[in-house]
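**Q** Show me the folded form of this:
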Amino acid sequence: MRRYPVEKVRNIGIMAHIDAGKTTTTERILFFTGITYKIGEVDEGTAVMDWMEQEQERGITITSAATTCYWKGHKVNIIDTPGHVDFTVEVERSLRVLDGGIVILCGVGGVEAQSETVWRQADRYQVPRIVYINKMDRIGVNPEKAINEMKERLKASPLIIQMPVGKEDGFKGVIDLVEMKEICWQDDLLGAEFKVSNISDEYIDEAKQKRQEMLEMLSEVDDSIMERYLEEEEVPSAEIKMAIRKGTISLRFFPVLYGASFKNKGIHPLLDAVVDYLPSPVDIPPVKGIHPKTSNIEERKAADEDSFSALVFKIMNDPYVGFLAFFRVYSGKAKIGSYVYNSTKEKEERISRLLEMHSNKRKDIEEVYAGDIAAIGPMKTLSTGDTLCAKNRPIVLEPIKFPKPVVSAVIEPKSRKEHEKLADALAKLINEDPTFKVSKDPLTGQTLVCGMGELHLEVLMDRMEREFGVKANLGKPKVAYKETIMRVAEGEGRYIRQTGGRGHYGHCKIIIEPLERDNGFEFIDSTKKGVIPKEFIPSIKAGIKEAMEIGILANFQMTDIKATLIDGSYHEVDSSHIAFKIAGSLAFKEAAAKAEPILLEPIMNLVVVTPDEYVGDIVGDINARHGRVVKMDIKGGSRIIKIFVPLAEMFGYATTLRTITQGRGIFSMEFYRYETMPPAVMEKVIARIEGRTSVYR
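**A** Now for the predicted structure:
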């Protein structure tokens, strides 16, 4: 039996730059909603949501953790996401299944590098958000600057629905501009007691002015408020809340609240805002997908009566349960013992266990309903992005798109006995993390692991030893370069073999040309009818793609190329799929060799925050790394330097920056794009590859 109607369900994510207070805020939410009896602290390694040993040791969130709490008759499913760019995949997959979000901004730092990244990700998925400006008790806090940066850097429309009462050491609480009440927290350490009173005289004039500004913005989304505003009538708070909810869900604006989570101030109004302003599953458009047989677009409404549909967004290896698949139910319901259809893999699965997750702890449940986020297990066949649905009404939901790895390293077991265990552990990690890849070095035959950064690979190797008992040596990280071409060229491929019986015959001509960056691969068949039978065309395309995987210069994957099939011939008896595949590969290699192949390298968007006195040394170091400074700002006595720099130059940068700034500088880095490599550097890289040494400058 459903305990909470779907209208009373909220699926939210908590997102921010690293160290803005995501996990600290989530811990307070769990405490004040009665889920935990003690507040966990990130610095002490006792945070409930940072359950992994690596998270507790490093004081950062590495994996998104799901939990459920209850507030004022509502069920709130929360996903706490990482702030470090190496684990941005966790934010990506969480946003795909969430209905709303809380974006936390540091009151001192304002909009930081990763704040922009998560905001763009949320924009892409059209996720309504409320903004919580945290650390209002910190020295140097400047909430007005954070608001201005929202407008300038995020191109967002903030709706101020609160006013802080004091700041820094004097921060006591907030003024609610909707109810026009002052909320001040008492001196008890837990922050459970707060006093709601009329607004004090020193703040009343400013509060009235701020309320008018709020009503002016609300009048743009609600005609009733516009009439009252123009006629200077009092607007009931219930009407204001409805208008805020309407504008938030339609992404017209983003309500802004204030608090100091570490001091337990501001959490109660934040929870109220979650249930009042963020959408329930019925407030967002019905989910769309395609019918696997007809390719027609299908819709599913957030209702228990509709056919079952759900998306698997995360796989986790549980030492006690086995593989757990986290999924979001978009429509219908399912219970233990029933069968669901995996439309992505075209397999039927029986549900043996359903779990409500609370970080790494779990609670068995009997049934899931529309809007729920839960886990199913153990099911080894499920993968991230799989659609589960009713077999008699199948649908395939849009899969989650993940960024490609930019760093690779050679991995070897410490002993021959552990070869099998290593392969098994790597397979489990690949199943969990779509941005972690394993491949073979085409030159040496060594096993390569690929990820989003040094920290990403380091954490995965640490997990492999702790969770799977596999000790392995990880080589120095290498850059995932790519290859492309600079001009148009033609190539011809013939594969003709005559054996004792039936032979092989494949022949094709292609033209290749460069595409704009990030356009991948395009194939066009422009042959005349009858030149090559239609059934062999896909084989030619497959041969070209296979050749692109190995590359022409230094065995790196080729990209941003358009291949056009212009001519060819076939044999009535001897032509085969394999012959045309080989012919396609040969034609591409010939054309690519003539098309001026070059190397592309990943360029990173680096943001360094440092005291003024170290700027000169930092810029000098960046110049030596072939980086270019694109912007420099001043914020709260610190200098913020935005830089584009090749990834190959950034290994070990954390140590260098710490040395230059005596530990006072911090940086964040994310992938920007692939760019053409300078000829002199390209020659060195190719020479080192041919010498079978590590790829370093």
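**Q** How many residues are close by residue 629?
**A** Residues lying near residue 629 (other CB atoms under 10 Å) number 17. (C-beta placed from N, C-alpha, C; glycine too.)
**Q** how far away is the residue lying closest to it once chain neighbours are set aside from residue 563?
**A** Spatial nearest neighbour of residue 629, excluding adjacent residues (CB to CB, 6 or more residues apart in numbering): residue 643 at 5.4 Å. Residue 643 sits 36 Å away from residue 563, going by CB to CB, to the nearest Å.
**Q** ok, those two, which is more surrounded?
**A** Here residue 643 and residue 563 are set side by side on neighbour count (other CB under 10 Å), and the busier one is residue 563, at 25 against 22.
**Q** Looking at strand pairing, list the partners for that one.
**A** Note on residue 563: beta-bridge partners by DSSP bridges are residue 512, residue 523.
**Q** now residue 438
**A** residue 449.
**Q** Go ahead and confirm it touches residue 426.
**A** Yes: using CB atoms under 8 Å, residue 438 is in contact with residue 426, at 5.2 Å.
**Q** max-length strand in the chain?
**A** For the chain, the strand with the greatest residue count under DSSP state E is strand 597-611.
**Q** How about the backbone phi and psi for residue 573?
**A** With angles defined as degrees, to the nearest 10, residue 573 sits at phi -100, psi -50.
**Q** For residue 582, see how far away it is.
**A** To residue 582, residue 573 is 18 Å away according to CB to CB.
**Q** Pick out whichever of the two has more residues nearby.
**A** Taking neighbours as other CB under 10 Å, residue 573 and residue 582 compare with residue 582 leading, 22 against 9.
**Q** hang on, the earlier thing: am I right that the residue nearest to residue 629 is in a helix?
**A** No: with DSSP: H, G, I helix; E, B strand; the rest coil as the criterion, residue 643 is strand rather than part of a helix.
**Q** Name all residues that make contact with it.
**A** Neighbouring residues of residue 643 by CB atoms under 8 Å, 6 or more residues apart in numbering: 605-608, 622, 627-630.
**Q** Can you flag the buried ones in those?
**A** Among these, those classed as buried by neighbour count (16 or more other CB atoms under 10 Å) are 605-608, 622, 627, 629.
**Q** Could you dump the residues you listed into a markdown table and include distance to residue 594 and pLDDT?
**A** As requested, the buried ones among the contacts of residue 643 are arranged in a markdown table below (distance: CB to CB, whole Å; pLDDT from 0 to 100):
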| residue | distance to residue 594 | pLDDT |
| --- | --- | --- |
| 605 | 35 | 88 |
| 606 | 37 | 89 |
| 607 | 41 | 88 |
| 608 | 43 | 88 |
| 622 | 38 | 94 |
| 627 | 34 | 93 |
| 629 | 38 | 94 |
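**Q** mind listing what residue 471 touches?
**A** By CB under 8 Å, 6+ apart, the contact set of residue 471 is 413-415, 418, 465.
**Q** Quick one, grab the pLDDT at it.
**A** With respect to pLDDT, residue 471 scores 83.
**Q** tell me the SS of the residue sitting nearest the centre point of the chain?
**A** Per CA atoms, centre = their mean, the C-alpha nearest to the average position across the chain is that of residue 92, at 2.3 Å. Following three-state DSSP, residue 92 is assigned to helix.
**Q** quick one on the thing from earlier: tell me the bridge partners for the residue nearest to residue 629.
**A** Those that pair with residue 643 in a beta bridge, by DSSP bridges, are residue 606, residue 629.
**Q** Let's see the pLDDT reported for it.
**A** pLDDT, residue 643: 94.
**Q** Quickly note the distance from it to residue 106.
**A** Distance, residue 643 to residue 106, by CB to CB: 21 Å.
**Q** which one of the buried ones among the contacts of residue 643 sits closest to residue 30?
**A** Comparing the buried ones among the contacts of residue 643 against residue 30 with CB to CB places residue 607 closest, at 31.3 Å.
**Q** Whichever of the contacts of residue 471 end up buried, select them in ChimeraX.
**A** Only the buried entries of these go into this ChimeraX selection, using 16+ other CB under 10 Å:
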select :413,418
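**Q** Please report how far residue 497 lies from residue 504.
**A** Taken as CB to CB, the span from residue 497 to residue 504 is 4 Å.
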